[in-house]
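# Structure here, sequence nowhere to be found:
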């Protein structure tokens, strides 16, 4: 067959869609036409390509061929000479005069071409468009002005947040906040263990209102009068521990309610701040928000313009919107979730729940066998602990050498439990005592009447004081100490052992200071001595070993750090050291 014959046969089996001096665009109907107009692979695989609509663009100037193959209404492939895919945008940009023809071929195979058809008057419904793009949530055709037909864009789950240039963690975090029913562990801003910790540290109780704190103090006055009498941090920490140990269920309910309200409050604040940050990045492009991060409306005309502007004609609406959203710099969000504040804590609901649980605690407390006579117990609290603090040693009114320390009030017996101590010179005794309220009042002024009622467990002080004096001599005798003076402190003499300042003699005020950690604490922990007892022993020690009379022993916390290092390294100053009893 001659070349002319092949040409004629080829032309007889095509529809010429467009032709000029440099370009021809045809629709092919036969193998002969495929051989003549198309690339080699079209003829070779014609049995495959003949199953759908086949088109060829031949660029005469560049001798380049492009194949458009449409096997059905919803699929279109564009291929080059080497059978590689070509982007529709690239093809239309290269041959703008063919744009409408190419769009017509695409028809309902892409959302872009479908929108073009609608703009030209072809009526479609939301179901047809929904097959082409998952974001189509609604459609209303405008027969008068088709290009103004309304399109509803609706996002499911996390799809909206995928538009932005943010991490997977941020996507999950934001979805958990704004998508109902979506679970993600990190949507919690205030965990239950945070609530437990805040309770144990006393912080949560500080959020009680004045009325509820008053109720707590009233309850604690029954359970631990000494804690009820304490102040500030000590009260809140200790009261929290007592209540959680004694009424675990009720306190658990308070913590749970606080945690839930706190978390909801942080969540509301986070949502507000994130909505302000993300905003509606499409508003300036003619896409309007109906529901944040979920539903938006626009027109066919606007969408077509955005497809062209973004170069995403063969893409989806999500591709176009992502192109717009990624220009907005947002986030990160998830890693800062604990920094979102709590602007509107529902205090009324919380205080009501606290009040309800405290009422349950009172009912449980008074109806239990915790107290044998709660009115009598409260009378002891008011009359005794208003004057004498638990754990603090006090002298008896008529005998300054006799001391008493209240350890507790026993709620089952309404007895005052404590320790009675009496001293005479270097000897003394300490006894456990138990009194009713009447007995206690008599004991204060006539302790001798109760000598026969003392607890059989008696601790004499004679031996203990001798051991204490021996310990001081063995560890801090004058010959073991370096003594020096510093011009900066002209009224003081300092005593140092092994480089550590352990004592200071205040000559002006007649005070003799002992370091708490090195000396005083040992008397408290090892000998269980009270402040006055320690003073008395150290006073004897000063008089006997240092020949210092009239000095009052006192304790100073971290005396060894009280003097700055430079005080021992004063330029041009030589300390005057000498050794007591060892100067030969």
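The structure has been received and is ready for your questions. Values in this document were obtained by computation on a predicted structure and should not be read as measured data.
# For the rest of this, base every contact and every neighbour count on C-alpha atoms.
Fine.
# Determine the longest strand present in the chain.
When the chain is parsed with DSSP state E, its longest strand is strand 399-410.
# in stretch 8-23, what counts as buried?
Residues of stretch 8-23 classed as buried: 10-11, 13-14, 23 (neighbour count, 16 or more other CA atoms under 10 Å).
# typo on my end, it should be stretch 289-304
Residues 289, 293-304 are the ones in stretch 289-304 that count as buried (16+ other CA under 10 Å).
# what is the mean pLDDT for that stretch?
With pLDDT averaged residue by residue, stretch 289-304 scores 94.
# quick one: strands adjacent to the helix or strand harbouring residue 54?
When elements are defined using DSSP states H and E, residue 54 is found to belong to strand 53-59. Strand 53-59 has the following strand partners under DSSP bridges: strand 23-28 (antiparallel), strand 64-72 (antiparallel).
# Next secondary structure element downstream of the last one?
Next in sequence after strand 64-72, counting helices and strands by DSSP H and E, comes strand 75-79.
# I'd like to know which elements that next one is packed against.
Applying 3 or more CA pairs under 8 Å, 6 or more residues apart in numbering; DSSP states H and E, we find strand 75-79 packed against strand 64-72.
# The strand it packs on: how far from the chain's middle?
58 Å (CA atoms, centre = their mean, to the nearest Å).
# what does stretch 100-114 give?
52 Å.
# And the contacts of stretch 298-312?
89, 112, 115-116, 118-119, 146-153, 285-288, 313, 317, 319-320, 323 (CA atoms under 8 Å, 6 or more residues apart in numbering).
# rerun that using 7 Å as the cut-off
By CA atoms under 7 Å, 6 or more residues apart in numbering, the surrounding residues in contact with stretch 298-312 are 89, 112, 115, 119, 147-152, 286-288, 313, 319-320, 323.
# Kindly report the same for stretch 11-22.
With CA under 7 Å, 6+ apart, stretch 11-22 has contacts from 24-30, 33, 59-61.
# for the longest helix along the chain, what is the average pLDDT?
Across the chain, the longest stretch assigned as helix under DSSP state H is helix 248-278. For helix 248-278, the mean pLDDT works out to 92.
# what about the helices in the stretch 1-150 of the chain?
Assigned by DSSP state H, counting those that start in this stretch, the stretch 1-150 of the chain shows helices spanning 3-12, 31-37, 40-44, 46-49, 88-94, 99-106, 111-119, 126-132.
# Mean pLDDT lowest where, among the strands paired with strand 53-59?
Of all the strands paired with strand 53-59, strand 64-72 has the smallest average pLDDT, which comes to a mean of 91.
# quick one: what helix or strand has residue 394 in it?
For residue 394, the element it lies in under DSSP H and E is strand 393-396.
# With distance to residue 535 as added columns, please give the buried residues of stretch 8-23 in a markdown table.
As requested, the buried residues of stretch 8-23 are arranged in a markdown table below (distance: CA to CA, whole Å):
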| residue | distance to residue 535 |
| --- | --- |
| 10 | 122 |
| 11 | 123 |
| 13 | 121 |
| 14 | 119 |
| 23 | 113 |
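# Just flag the most distant two among those.
13 and 23 (18.2 Å; CA to CA).
# Can you name the residues that contact the residue lying closest to residue 345 once chain neighbours are set aside?
Distances taken as CA to CA, 6 or more residues apart in numbering place residue 265 nearest to residue 345, at 5.5 Å, with adjacent residues excluded. Taking CA under 7 Å, 6+ apart, we find residue 265 in contact with 342-345.
# now residue 265: how far from residue 347?
10 Å (CA to CA, to the nearest Å).
# The nearest residue to residue 369 once chain neighbours are set aside: which element?
Distance criterion CA to CA, 6+ apart; nearest residue to residue 369, sequence neighbours excluded, is residue 412 at 7.9 Å. Assigned by DSSP H and E, residue 412 belongs to no helix or strand.
# likewise residue 487?
Using DSSP H and E, residue 487 is not contained in any helix or strand.
# That one - how many residues pack around it?
11 (other CA atoms under 10 Å).
# Which of the helices and strands in the protein ranks last by mean pLDDT?
Least confident element among the helices and strands of the chain, by mean pLDDT, DSSP states H and E: strand 458-460 (a mean of 44).
# measure residue 153 to residue 313 for me?
17 Å.
# Oops, could you answer that again for residue 339 instead?
Taken as CA to CA, the span from residue 339 to residue 313 is 42 Å.
# out of those two, which sits in the busier spot?
Using other CA under 10 Å as the criterion, residue 339 and residue 313 rank with residue 313 on top: 24 against 11.
# just checking, the more buried one touches residue 89?
Yes. Residue 313 lies in contact with residue 89 (CA atoms under 7 Å); the separation is 6.0 Å.
# can you list the residues that contact the strand holding residue 54?
By CA under 7 Å, 6+ apart, the residues outside strand 53-59 that reach it are 22-28, 37-38, 64-71.
# Give me the buried entries from those.
By 16+ other CA under 10 Å, the contacts of strand 53-59 give 23-28, 37-38, 65-71 as buried.
# Give me the angle between the one helix or strand residue 535 maps to and strand 399-410.
When elements are assigned from DSSP H and E, residue 535 belongs to helix 531-541. Interaxial angle of helix 531-541 relative to strand 399-410 (axes from the mean of the first three to the mean of the last three CA atoms, to 10 degrees): 150 degrees.
# Now helix 531-541: buried residues?
In helix 531-541, the ones that count as buried by 16+ other CA under 10 Å are 533-541.
# same check, this time on stretch 233-251
By neighbour count on 16+ other CA under 10 Å, the buried set for stretch 233-251 is 235-244, 247, 250-251.
# Let's have the residues you listed in TSV, adding distance to residue 437 and secondary structure.
Conversion of those to TSV gives the following (distance: CA to CA, whole Å; DSSP: H, G, I helix; E, B strand; the rest coil):
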residue	distance to residue 437	secondary structure
235	26	helix
236	29	helix
237	30	helix
238	26	helix
239	25	helix
240	29	helix
241	28	helix
242	25	helix
243	27	helix
244	30	helix
247	29	coil
250	33	helix
251	33	helix
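# Just flag the most distant two among those.
So, these by CA to CA: farthest apart are 235 and 250, at 19.2 Å.
# The stretch 151-300 of the chain: strands as residue ranges?
288-291, 295-299 (DSSP state E, counting those that start in this stretch).
# what about the closest residue to residue 175 other than its chain neighbours, neighbour count?
With sequence-adjacent residues excluded and distances taken as CA to CA, 6+ apart, residue 175 is closest to residue 158, at 5.4 Å. By other CA under 10 Å, 19 other residues sit near residue 158.
# likewise the one 5 residues further on?
Residue 163 is surrounded by 18 other residues when neighbours are defined as other CA under 10 Å.
# just the one 4 residues further on next, same as before
The burial metric for residue 167, expressed as a neighbour count using other CA under 10 Å, is 15.
# From residue 173, how far out is the nearest residue to it once chain neighbours are set aside?
Once flanking residues are discounted, residue 167 sits nearest to residue 332: 7.8 Å by CA to CA, 6+ apart. To residue 173, residue 332 is 10 Å away according to CA to CA.
# Compare neighbour counts for these two and give me the winner.
More neighbours surround residue 173 than the other of residue 332 and residue 173, with 24 against 14 (other CA under 10 Å).
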